[in-house]
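Novice: Let's see this in three dimensions:
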Amino acid sequence: MRRIFVIIAATVILINVISCDRLSHYERSVTFTVFNNLTDDSYILSNNKSIAEYICDPNGKFAFVIHGWEEHINSLWVKDTIRNLTFHRGGCVIFMDYNRFSTADYFLLTTHFYRLADLLVRKIKLVTTKYENVFMFGFSFGARLCFEAGSKIGYQLIDTIHGCDPPGPGFDHIFRTTDPKRAAKNVYCINTSIDKGTNFYNCHVNFRMGVCGRKQIGAARKPFGSHGLCPFFYNSAFDNDFISDNFYNCTSNRMATNIPKDFKMGYMENRRGVYGDVFIPTSRYHPWNVVGGKSTVDDLQLTDFQ
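Specialist: Okay, here's the model as predicted:
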């Protein structure tokens, strides 16, 4: 009996050592950069430093920004998102850069999903226990990491998550991903594509942009395809209103019905209590919002996208 106990104990220790070693590999390969609203400096987050050393209040506001496949801290939309959140939200913004994994084949990247999510959970817990002060923004694969990490923190303990065109491939029918609504009290998704984006609209609010959230008339070459436009729309919404208007007569089995007047997509919309799908037309050119009513959607006819 004693021998069996020793074998079991040794096995458990070995598993923990392997698990820790794997996680330390991710620790070495993934960078978390801290930005605060008091200085122009940025800092690499370290496990050996108190968050206060980065001039961040551990009881204050934190925003986590997570990129998508083939992206990194120098991707075109990232600095604008950090700047916008720093200015409008305050507190500290932390950017998760897992570029060493995201440059690989997309489906190879998905094999790292749970480990990356575990690392994100660890970093959130490192900087704060005031989860009600945490906001998360993730684009594409980053949105899925936000949902998974928020769920692992605890049921709706995180205050708000904005998921920008969460991907369908690798997730809609393969991963057993958690219901996004479990990840935070307020989970808003911005849906812009059907080829790369999810087919499931199951956030508290789904802002289905352009043609029913399936494609965008402003789509161009990468990174400005229907999928890639999502974080650019989000940044534009800090200064330009993307107002709800079901211009394309889109249908839904969870259509939002209690939409306030001029309800809009983006961080600047702070009214809550809306639940379901909200349709928002977009235009062909920057800043991509539609101003002045239906007649200004680039004079398009509904038949152009049916």
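Novice: just the helices in this structure please.
Specialist: 2-29, 78-89, 99-102, 106-110, 113-127, 141-153, 230-236 (DSSP state H).
Novice: nearest to Asn253, of those helices?
Specialist: helix 141-153 (21.4 Å; CB to CB). For every residue, glycine as well, the C-beta is placed using N, CA and C.
Novice: which residues of the stretch 101-250 of the chain score low on pLDDT?
Specialist: Low-confidence segments of the stretch 101-250 of the chain (pLDDT under 70): 175-177.
Novice: mind running it again at 90?
Specialist: The stretch 101-250 of the chain contains residues with pLDDT under 90 at 102-104, 170, 172-178.
Novice: what about the strands in it?
Specialist: Ranges of strands in the stretch 101-250 of the chain, per DSSP state E, counting those that start in this stretch, are 134-139, 158-164, 184-191, 205-209.
Novice: Nearest residue to Gly168 in space, ignoring adjacent ones along the chain?
Specialist: Thr198 (4.2 Å; CB to CB, 6 or more residues apart in numbering).
Novice: same deal with Ile194?
Specialist: Nearest one to Ile194, counting by CB to CB, 6+ apart, is Arg214 at 4.1 Å.
Novice: surely that neighbour meets Ser193?
Specialist: Yes. Between Arg214 and Ser193 there is a contact at 6.9 Å, judged by CB atoms under 8 Å.
Novice: what touches both of those two?
Specialist: Here Arg214 and Ser193 have Ser226 as joint contacts, going by CB atoms under 8 Å, 6 or more residues apart in numbering.
Novice: Compare the two and say which is more crowded by neighbours.
Specialist: Ser193 (24 against 19; other CB atoms under 10 Å).
Novice: Contact partners for that one?
Specialist: Ser193 neighbours (CB under 8 Å, 6+ apart): Asp165, Arg214, Lys215, Gln216, Gly225, Ser226, His227, Cys230.
Novice: Please report phi then psi for it.
Specialist: Per-residue torsions, Ser193: phi -150, psi 160 (degrees, to the nearest 10).
Novice: and the gap between it and Phe135?
Specialist: Separation of Ser193 from Phe135 (CB to CB, to the nearest Å) stands at 24 Å.
Novice: Same question for Lys152.
Specialist: Taking CB to CB, one finds Lys152 at 17 Å from Phe135.
Novice: same check, this time on Asp277
Specialist: 22 Å.
Novice: Give the bridge partners for the nearest residue to Leu45 once chain neighbours are set aside, please.
Specialist: Spatial nearest neighbour of Leu45, excluding adjacent residues (CB to CB, 6+ apart): Phe32 at 3.9 Å. Counting by DSSP bridges, Phe32 forms beta bridges with Met96.
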